[in-house]
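**Student:** Using only what follows, build the 3D model:
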Amino acid sequence: MQEIFCCMDHSDIAIDDFVNEYETFPIMETSGTSKCDYCMNVAEYVLKLPADHNIADAGNQNRSNDQGEID
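**Tutor:** The predicted model follows:
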């Protein structure tokens, strides 16, 4: 499972990066003793993929095939 650890200062950019990478909103939980992926301060949050999200399907939604049909 992919995760992003972030402090309060970097939570906005972490959410933006997560949505851009996985094309879905993250599950946001409090973090314990991990470090922020952006500044190495103590991470207050961990962003995770939802349990029902399939990484292989990211980016394939609403794309049409050569015949103009939706896959």
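**Student:** Where does the spatially most central residue of the chain sit: helix, strand or coil?
**Tutor:** Most central in the chain under C-alpha atoms, centre = their mean is Phe18, positioned 2.9 Å from the mean C-alpha point. Applying DSSP: H, G, I helix; E, B strand; the rest coil to Phe18 yields a three-state assignment of helix.
**Student:** go on, Val46?
**Tutor:** With three-state DSSP as the basis, the three-state label of Val46 is strand.
**Student:** Would you quantify the distance from it to Thr24?
**Tutor:** Note on Val46: its distance to Thr24, by C-beta to C-beta, to the nearest Å, is 16 Å. To be clear about C-beta, it is placed using only N, CA and C from the backbone, and glycine gets the same treatment.
**Student:** His34 contacts Glu44, doesn't it?
**Tutor:** In this structure residue 34 is Ser, not His. No - with contact defined as C-beta atoms under 8 Å, Ser34 and Glu44 do not form a contacting pair (9.5 Å).
**Student:** Between these two, which has more neighbouring residues?
**Tutor:** Glu44 (18 against 14; other C-beta atoms under 10 Å).
**Student:** contacting residues for the more buried one?
**Tutor:** With contacts taken as C-beta atoms under 8 Å, 6 or more residues apart in numbering, Glu44 has the following neighbours: Cys6, Cys7, Met8, Ser11, Thr30, Ser31.
**Student:** Filter those residues down to the ones in strands?
**Tutor:** Of the positions in the contacts of Glu44, Cys6, Thr30 sit in strands, assigned by DSSP state E.
**Student:** residues of the helix or strand that contains Ile13 that come out buried?
**Tutor:** Under DSSP states H and E, the secondary-structure element containing Ile13 is helix 11-22. Neighbour-count burial for helix 11-22, counted by 16 or more other C-beta atoms under 10 Å, picks out Ser11, Ala14, Ile15, Asp17, Phe18, Tyr22.
**Student:** do the same with stretch 23-42
**Tutor:** With burial defined by 16+ other C-beta under 10 Å, the residues of stretch 23-42 counted as buried are Thr24, Pro26, Met28, Ser31, Cys36, Asp37, Tyr38.
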